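*Asks:* got a sequence here, can you build the structure:
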Amino acid sequence: MQLSKLTFPVVSFRNLEAPAHIHKLGYRDYFAMVDVRDLPDLSEWRKINVRDPKLTGAVPNKIRASVSDNPDLFVFMNRGIVVSVESVQFDNKNGRVTIGLRDPVLHGLLDGGHTYNILLEERDALESPQYVRIEILEGFKPEDIPQMVDARNTSNQVRDQSLMNLSGEFDRLKKALAKAPYADLIAYKEYELLPNGDQKPIDVRDIIAILTAFERDHFDDKTHPINSYRSKAACLQHFKENTKSYQKIYPLAADILELYDLIQLHLPDLYNKVRGGKFGHLTGVTTYKGKHKAHLDFIDKESKYGVPAGFTYPILGGFRALVEEKGGRYVWGKNLDPRQMLQNGLGETLADTIGNFALDARNPSKTGKSPLVWQACYQAARVAYLEAN
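*Replies:* Coordinates of the predicted model:
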């Protein structure tokens, strides 16, 4: 087979020194940091990856969100891409790496197929450089590759939500959402699959995080549930320790999840209306072209914009100001409809508020973690509530 060479620029390149006895076997491990716009074309070298990476579903959606929400941290948050090669050469003077690939069943993209696909899709919309790690494995034999692929693509860890599901801690939430059209799309444990074999697209941790934005027992008009955006693990732990607080939220759960998607659907138009356009130019926003669009599972609609979670969560949290407690359960105060308020004056105010902070921070992650942003959104909703008849 003919040797194919791919050359691409790198930001940094390092050789991970192995113990002498492993080094003698010919195994080499290298790491490079690469601008995603300079990723090599591996389209002909995908055979050794046992998965068929897709652009939809839970895993791609999480990767896509981390690209837009955490541009500076993505390189550290994502596991990166792993490539098996025959040879590696690094031109220190020009900062370029050349990898040699010969056998499609031995060389190519070994792990990180989802990341690779998403980055190819997203990179044209990036306004500034963004980076990803590439691990390059050299010298591995045909009998080694199946074991390497299996090890890199398999996790034996049992996550907290799987144990919580087993112990029945999600039973009341399941009941609250039983009639929702997306009820069967929710994964309450790891590796829950649809009848066609695809992974269920909605992770229960996302639902818990969204509902946490409405947790009123531990958050008020001065202390806001920023962890709903910042840490799903923290939200899951908070849920586990405060189940009675969430039971108050369940009567509004379907409304809240719908509102979460409606914010993403309407925010671009609301922003363009109050600020004269150019929502797609905000840092972190992805404008999709062609067939692919962002799918909003809770309302089963598509949007041409990928709206950062750092914009969505503070706005969502603001609507907590419209909630009242009656008989141990939450209701929308004054019989207000949050959907109508989103599409009218309150939505415009919130879009303008987020726009101001987004333009200043130029980083959706900073926007989503800012107490000032959460406070401003909450106060805007509180004023609208007080002024409502």
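
*Asks:* CA atoms for contacts and neighbours, from now on please.
*Replies:* Fine.

*Asks:* so what pLDDT did the closest residue to Phe140 other than its chain neighbours get?
*Replies:* Distance criterion CA to CA, 6 or more residues apart in numbering; nearest residue to Phe140, sequence neighbours excluded, is Tyr27 at 6.1 Å. Note for Tyr27: predicted pLDDT of 91.

*Asks:* where's Tyr27 relative to Ala388, distance?
*Replies:* Between Tyr27 and Ala388 the distance is 69 Å, computed by CA to CA, to the nearest Å.

*Asks:* compare these two (neighbour count), which wins?
*Replies:* Comparing Tyr27 with Ala388 by other CA atoms under 10 Å, the one with more neighbours is Tyr27, at 14 against 10.

*Asks:* gap between that one and Thr283?
*Replies:* If you go by CA to CA, the gap between Tyr27 and Thr283 works out to 41 Å.

*Asks:* and Leu346, by the same measure?
*Replies:* 23 Å.

*Asks:* what do you get for Pro9?
*Replies:* Counting by CA to CA, the gap from Pro9 to Thr283 is 25 Å.

*Asks:* again, but for Val34
*Replies:* For Val34, the distance to Thr283 - CA to CA - is 20 Å.

*Asks:* again, but for Pro146
*Replies:* To Thr283, Pro146 is 41 Å away according to CA to CA.

*Asks:* and for Val97?
*Replies:* For Val97, the distance to Thr283 - CA to CA - is 30 Å.

*Asks:* ok, now Val132?
*Replies:* Taken as CA to CA, the span from Val132 to Thr283 is 18 Å.

*Asks:* and what of Asp171?
*Replies:* Distance from Asp171 to Thr283, counting by CA to CA: 39 Å.

*Asks:* of these two, which one has the most company?
*Replies:* Neighbour count, other CA under 10 Å: between Asp171 and Thr283, Thr283 has more, with 21 against 13.

*Asks:* the more buried one contacts Ser365, doesn't it?
*Replies:* No: taking CA atoms under 8 Å as the definition, Thr283 is not a contact partner of Ser365, at 10.2 Å.

*Asks:* which parts of the lowest-mean-pLDDT helix or strand in the chain are buried?
*Replies:* Every helix and strand in the chain was compared by mean pLDDT, DSSP states H and E; the lowest is helix 145-152, with a mean of 74. Buried residues in helix 145-152, counting neighbours by 16 or more other CA atoms under 10 Å, are found at Ile145, Pro146, Val149.

*Asks:* relative to Gly168, how far out is the second one?
*Replies:* By that I understand Pro146. According to CA to CA, Pro146 and Gly168 sit 37 Å apart.

*Asks:* next one: the first one
*Replies:* As judged by CA to CA, Ile145 and Gly168 stand 40 Å apart.

*Asks:* for the protein, what's the longest helix?
*Replies:* Longest helix in the chain by number of residues, with DSSP state H as the criterion: helix 253-275.

*Asks:* that one: which residues count as buried?
*Replies:* Result for helix 253-275 [16+ other CA under 10 Å]: buried residues 253-254, 256-272.

*Asks:* burial measure for Asn165, as a count.
*Replies:* That count, for Asn165 with other CA under 10 Å as the rule, works out to 16.

*Asks:* quick one, grab the pLDDT at it.
*Replies:* Residue-level pLDDT assigned to Asn165 equals 87.

*Asks:* residues in contact with the helix or strand containing Phe31?
*Replies:* Element membership of Phe31, judged by DSSP states H and E, is strand 28-35. Contacts to strand 28-35, defined as CA atoms under 8 Å, 6 or more residues apart in numbering, come from residues 9-18, 129-139.

*Asks:* okay, and which of the residues you listed map to strands?
*Replies:* 9, 12-15, 131-138 (DSSP state E).

*Asks:* out of these, which comes closest to Asp103?
*Replies:* Glu138 (12.8 Å; CA to CA).

*Asks:* report the beta-bridge partners for the closest one.
*Replies:* Arg28, Val85 (DSSP bridges).

*Asks:* can you list the domains in the chain?
*Replies:* 4-152, 160-387 (automatic domain parsing).

*Asks:* and the residue lying closest to Asp206 once chain neighbours are set aside, what pLDDT?
*Replies:* Distance criterion CA to CA, 6+ apart; nearest residue to Asp206, sequence neighbours excluded, is Lys232 at 7.0 Å. Per-residue confidence (pLDDT) for Lys232: 88.

*Asks:* one more: Ala125?
*Replies:* 79.
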